[in-house]
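Colleague: here are the coordinates; sequence isn't available:
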């Protein structure tokens, strides 16, 4: 049995998210069907993490096991030729048979893009935020979130994940040309966590509140106490580390 790892990029605009769902188009479903068609063999595609509806990926990692040995150059070319324009396989390598994209991942990072002014070229992949943004102030606030905490307040209420403990390794804001870039790296995330985290930090900054406000939100463990989630279109799964 061969095991192959892929690095994938996709525009999530027209998808229900990464994970296969009933009566909805998913990135995982489109890719899995395409791989089965080329390989002429049924496979199960495993992703490193779910991305929500409308969220993009610059470095999603996935893997599949198959009986046959693939010519990786030809397979990658064939797969990219039948995948839609909004999904691209950037790399494919053979890995150990026991490698698992989800369970072996130790860190996952996301970026979120804000545009500082209206632009037709940024509109699809960033959120035009109308208020002022001071990255130094936001970095000071964001520092409180680093470490191991219960992020129930940042998860969607319908989330069925029992364990709400996550360890955030890094979180920061940076201004670059016409964009504001938010970056976060953690061991795992809850459903809707990153977008709610960003919205909460912006709200804290906008209201000129401090770390005590964030601490209170974390301690309450209630979704209603946190801020509104920012739009999905600016969020990208950036990288998965093993």
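Modeller: That came through fine. Since the structure is predicted, the reported quantities are computational estimates derived from the model, not experimental observations.
Colleague: Residues contacting stretch 9-29, please?
Modeller: 8, 30, 32, 45, 47, 49-60, 62, 86-88, 90, 124-125, 232-233 (CB atoms under 8 Å, 6 or more residues apart in numbering). C-beta: built from backbone N, CA, C; applies to glycine.
Colleague: From one end of that stretch to the other, what's the distance?
Modeller: 15 Å (CA to CA, to the nearest Å).
Colleague: Return the set of buried residues in that stretch.
Modeller: 9-12, 15-20, 26-29 (16 or more other CB atoms under 10 Å).
Colleague: Now for the residues you listed: which two are most distant?
Modeller: 9 and 20 (18.9 Å; CB to CB).
Colleague: what residue ranges in this structure score low on pLDDT?
Modeller: 158-160 (pLDDT under 70).
Colleague: Now do the domain split for it, please.
Modeller: Domains of the chain are assigned by automatic domain parsing as 2-95, 107-241.
Colleague: what about the last one, how long is it end to end?
Modeller: Looking back up the chat, that one is domain 107-241. 5 Å.
Colleague: Which of the contacts of stretch 9-29 fall within strands?
Modeller: In this view, those that belong to strands under DSSP state E are 8, 47, 56-60, 62, 87-88, 90.
Colleague: could the domains of the chain go into JSON lines alongside distance to residue 101?
Modeller: Below are these laid out as JSON lines (distance: least, CB to CB, whole Å):
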{"stretch": "domain 2-95", "distance to residue 101": "4"}
{"stretch": "domain 107-241", "distance to residue 101": "8"}
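Colleague: do you know how far the residue of the chain positioned farthest from its centre is from residue 231?
Modeller: Relative to the centre of the chain, and counting by CA atoms, centre = their mean, the farthest-placed residue is residue 68 at 31.1 Å. Residue 68 sits 42 Å away from residue 231, going by CB to CB, to the nearest Å.
Colleague: Residue 210 now?
Modeller: 26 Å.
Colleague: Residue 166: what's it in contact with?
Modeller: 148-149, 151, 186-190, 193.
Colleague: should've said residue 165
Modeller: Taking CB under 8 Å, 6+ apart, one finds 148-151 in contact with residue 165.
Colleague: now, which of those lie within helices?
Modeller: Among the contacts of residue 165, no member is found in helices (DSSP state H).
Colleague: Now list the buried members of the residues you listed.
Modeller: Buried among the contacts of residue 165 by 16+ other CB under 10 Å: 149, 151.
Colleague: Which ones among the contacts of residue 165 lie within strands?
Modeller: Per DSSP E, the contacts of residue 165 map to strands at 148-150.
Colleague: For stretch 157-170, measure first residue to last.
Modeller: So stretch 157-170: terminal residues 25 Å apart, CA to CA.
Colleague: export the contacts of residue 166 to JSON lines and tack on distance to residue 242?
Modeller: Formatted as JSON lines, the contacts of residue 166 follow (distance: CB to CB, whole Å):
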{"residue": "148", "distance to residue 242": "20"}
{"residue": "149", "distance to residue 242": "24"}
{"residue": "151", "distance to residue 242": "23"}
{"residue": "186", "distance to residue 242": "15"}
{"residue": "187", "distance to residue 242": "12"}
{"residue": "188", "distance to residue 242": "14"}
{"residue": "189", "distance to residue 242": "17"}
{"residue": "190", "distance to residue 242": "21"}
{"residue": "193", "distance to residue 242": "21"}
